[in-house]
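Asker: Kindly generate the corresponding structure for this input.
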Amino acid sequence: MEVFTTDRIRNVVLLGHGGAGKTSLVEAMAYLSGQTNRMGKVSDGNTVSDFDKEEIKRSFSIQTTIVPILWENTKINILDTPGYFDFVGEAEEAVSVADAAIIVVSGKAGIEVGTRKAWEMCERYKLPRMFFVTDMDIDNASFRQVVEDLQELYGKKIAPFHLPIRENEKFVGYVNIVAQTANRWNDKGEVVPMDLPDYSVPYLEKCREALVEAVAETSEEFMDRYFNGEEFSENEIRQALRVNVTDGSIVPVSMGSCILAQGVYTLLDDITKYFPSPDKRACAGINATTNEVYQADYDFSKPKSAYIFKTIQDPFIGKYSLIKVNSGVLKTDDVLLNYHRDTEEKIGKLYVMRGAKAEEVKELHAGDIGALAKLNKARTTDSLSTKANPILYIRTTLSTPYTCKRYKVKNKADVDKASQALTKLTHEDLTLKVVNDSANGQTLLYGIGEQQLDVVVSKLANRYKVEIELGKAKVAFRETIRKKADVEYKYKKQSGGHGQYGHVKMTFEPSGDLETPYEFSQTVVGGAVPKNYFPAVEKGIQESVKSGPLAAYPVVGIKANLYDGSYHPVDSSELAFKVAAAQAFKKGFLQASPVLLEPIASMVVTASDKYTGDIMGDLNKRRARVLGMNPIEGGKQEITADIPYTELDGYTTVLRSITGGEGTYRYELARYEQAPEDVQKREIEARANKLVNIEE
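Answerer: Predicted coordinates:
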């Protein structure tokens with residue numbers, strides 16, 4: 001592929017609700033620009049950007065795909081992101097390296113939750129953006145309604161650039177609001193001028209007035225001229241738009257049909273005209289040697305540096321680290337330092353990705369997006385730079401996974417294979433997390449949602465030939481006591497020759513510290529138990545608290561005191577005293593009013609005000625205690641609550657159902673507290689087979 005300089009590059013991320021038409025839009029762009037000779041369909045599984053087997057099987061995007069579009073001497077790196085919320089990490093990675101965004105909205109479905117979330121993501125990264133309304137070839141699609149809804153949400157900065165023209169209920173052309181001209185598509189898909197339809201005139205005047213008003217608000221000079229009744233020329237409007245789209249004070253709205261590739265030609269023109277090249281955007285890191293801010297700013301003349309924003313791990317195409325060049329010009333055989341991993345790597349060949357295909361290039365200029373193969377130690381969010389100028393860029397903040405499932409490998413012989421495969425998947429998707437919960441003898445898989453975890457199961461089976469099954473995670477209960485117990489246990493065993501003898505008198509009581517398993521002390525007087533056996537007694541307690549006598553859960557908050565006992569000069573041993581202490585612990589624990597403690601999460605749920613009643617109703621069913629509500633910007637509420645961990649299973653799905661996909665939540669462990677009687681009874685019965693007898 002040809003090498004492009006920074007000023008001839010546009011990095012554009014496609015965002016929007018799932019099913020709005022992002023992948024179909026990429027397909028239309030690729031077709032119109034001559035990258036493909038036919039348009040694929042998502043339903044047929046033959047699009048450029050949805051190439052993964054899982055995407056083809058499910059007919060929606062799962063990962064971000066890069067498709068470079070060559071248009072009028074400009075390279076537009078299109079980052080096609082998933083719209084489904086389970087794969088939000090992919091969108092967050094793409095947004096972190098984009099210089100502008102197109103938020104795709106279905107003219108039929110209108111504004112959806114994903115539309116608003118896309119806007120919020122653009123706000124977070126201060127991205128210039130425009131809306132593209134798809135499905136205009138469908139009868140009940142309403143461009144006007146979408147524009148009015150957007151203006152209600154985001155104000156006067158929403159500026160429609162086009163209006164649809166329909167004849168006999170068919171989408172045949174568009175009105176250019178800036179030029180005040182009308183065009184239609186002929187049989188060859190070419191644009192030809194036509195007379196402005198009479199029915200378009202009133203709405204055209206209204207939209208142009210809104211556009212002119214938006215332009216007027218961009219400077220005092222324009223505002224004065226606007227109030228004096230002066231007309232702005234077409235060139236003045238376009239020049240103002242170039243500046244104000246870049247700084248986000250105007251957000252254009254365009255429209256078309258992806259299936260018919262209508263309106264896409266104009267969209268590509270608008271991208272090159274109004275969206276900034278990378279050198280118009282700021283980019284800064286930290287010099288690891290001097291700790292000073294390094295203004296990279298996509299300057300090709302500065303020392304080389306790059307940021308790894310995504311990793312592809314595939315058994316067939318290998319490992320690729322997707323990068324954005326933040327400064328300098330990368331060339332083949334460059335040696336770059338990964339300061340995070342304390343390693344230098346020769347980058348070998350340079351590639352640009354086109355869907356699943358890697359195409360070799362000689363150079364990658366500042367601001368361009370490309371790929372490096374076989375960087376063994378590099379991980380997503382790492383920075384690359386020269387050894388003489390080591391630069392660190394801020395790592396992208398990705399959504400935290402809270403949906404948790406226990407997983408088991410079906411074939412025990414595949415345990416290591418599954419572990420290695422999951423490690424690769426977690427390198428590829430940072431919103432996946434594998435946690436070894438040794439306390440409960442389980443391995444946990446965390447993700448953004450259950451659909452994402454289902455995809456992981458399928459990928460393991462198809463890519464790596466490993467089968468796992470997901471189940472409900474076991475909750476880490478604890479055991480403790482509420483009263484004091486005074487017990488005695490004598491361990492005596494004779495079997496010919498030396499026997500075993502250990503005799504202890506001990507008290508067990510609550511320590512008041514639920515963070516610590518046990519406290520051990522001894523108040524033995526007169527040498528009833530020799531000092532050299534004290535460690536063995538503590539060892540017996542230490543091992544016993546790992547699995548309590550109530551339901552085999554870890555014990556916390558115990559204060560154990562050895563105050564008396566006896567020994568045999570020949571038969572006593574460390575083992576005997578350890579067993580005696582363990583048996584005394586079991587006996588004393590069960591006499592001291594034992595209880596189960598359940599973990600309580602401190603949770604914050606965020607959603608629109610209109611959903612708060614339903615959310616709190618559901619939380620009450622889950623034994624949660626709602627602690628308060630805090631209004632935040634955007635007409636939303638933060639609901640804070642304490643909720644038992646046992647009630648969190650499946651909450652992601654329920655919350656999305658209640659809020660139409662809008663609601664989010666986060667939680668962390670707050671404390672342990674006594675579980676209700678029915679919960680204790682259920683757990684004790686379920687764990688009866690886990691209890692083991694203490695043996696020598």
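Asker: which strands and helices sit next to the longest helix seen in the chain?
Answerer: Criterion DSSP state H: the longest helix present in the chain is helix 574-591. Secondary-structure packing of helix 574-591 (3 or more Cβ pairs under 8 Å, 6 or more residues apart in numbering; DSSP states H and E): strand 485-493, strand 500-510, helix 534-544, strand 558-566. For the C-beta atoms, the positions are set from N, CA and C on the backbone; glycine is no exception.
Asker: Next, the angle strand 500-510 makes with that helix.
Answerer: Relative orientation of helix 574-591 versus strand 500-510 (axes from the mean of the first three to the mean of the last three Cα atoms, to 10 degrees): 30 degrees.
Asker: For the stretch 301-450 of the chain, which segments are assigned as helices?
Answerer: In the stretch 301-450 of the chain, the segments counted as helices under DSSP state H, counting those that start in this stretch are 415-428, 450-463.
Asker: Let me know the angle separating the helix or strand following the longest helix of the chain from strand 485-493.
Answerer: Once helix 574-591 ends, the next helix or strand along the chain (criterion: DSSP states H and E) is strand 594-608. Between strand 594-608 and strand 485-493, the angle comes out at 120 degrees (the same axes, to 10 degrees).
Asker: in its sheet, what does strand 594-608 sit against?
Answerer: strand 478-481 (antiparallel), strand 636-644 (antiparallel), strand 664-674 (antiparallel) (DSSP bridges).
Asker: quick one: low-confidence parts of the stretch 551-696 of the chain?
Answerer: Along the stretch 551-696 of the chain, segments meeting pLDDT under 70 span 692-696.
Asker: Check the chain too.
Answerer: 189, 316-317, 495-497, 692-696.
Asker: 80 instead?
Answerer: 1, 187-190, 210, 214, 217-218, 314-318, 439-440, 494-498, 690-696 (pLDDT under 80).
Asker: what residues does the one helix or strand residue 271 maps to touch?
Answerer: Per DSSP H and E, residue 271 falls inside helix 264-274. Helix 264-274 is touched from outside by 10, 12, 25, 28-29, 32-33, 69, 71-72, 74, 76, 100, 102, 128, 130, 132, 161-162, 174, 191, 238, 241-242, 245-246, 252, 254, 256, 258, with contacts defined as Cβ atoms under 8 Å, 6 or more residues apart in numbering.
Asker: Burial check on the closest residue in space to residue 112 that isn't next to it in sequence, number of neighbours?
Answerer: Nearest residue to residue 112, sequence neighbours excluded (Cβ to Cβ, 6 or more residues apart in numbering): residue 17, at 3.9 Å. By other Cβ atoms under 10 Å, 25 other residues sit near residue 17.
Asker: Please apply the same query to residue 84.
Answerer: Residue 84, neighbours per other Cβ under 10 Å, totals 21.
Asker: OK, contacts around it?
Answerer: 18, 60, 61, 451.
Asker: Going by distance to residue 124, which of those wins?
Answerer: Using Cβ to Cβ, residue 18 is the member of these that sits closest to residue 124, with 20.0 Å.
Asker: Look at the spatially closest residue to that closest one that is not a sequence neighbour and give its secondary structure.
Answerer: Excluding the flanking residues, the one nearest residue 18 by Cβ to Cβ, 6+ apart is residue 83, at 3.4 Å. With DSSP: H, G, I helix; E, B strand; the rest coil as the basis, residue 83 sits in coil.
Asker: For residue 140, see how far away residue 83 is.
Answerer: According to Cβ to Cβ, to the nearest Å, residue 83 and residue 140 sit 21 Å apart.
Asker: okay, these two: which has more neighbours?
Answerer: Between residue 83 and residue 140, residue 83 has the larger neighbour count (other Cβ under 10 Å), namely 27 against 8.
Asker: correct me, but the more buried one touches residue 23?
Answerer: No. When contacts are counted by Cβ atoms under 8 Å, residue 83 is not listed as touching residue 23 (9.2 Å).
Asker: list the residues that contact both of these two?
Answerer: With contacts taken as Cβ under 8 Å, 6+ apart, residue 83 and residue 23 have residue 61 as neighbours in common.
Asker: returning to what we had before: from residue 80, how far out is the residue nearest to residue 112?
Answerer: According to Cβ to Cβ, residue 17 and residue 80 sit 14 Å apart.
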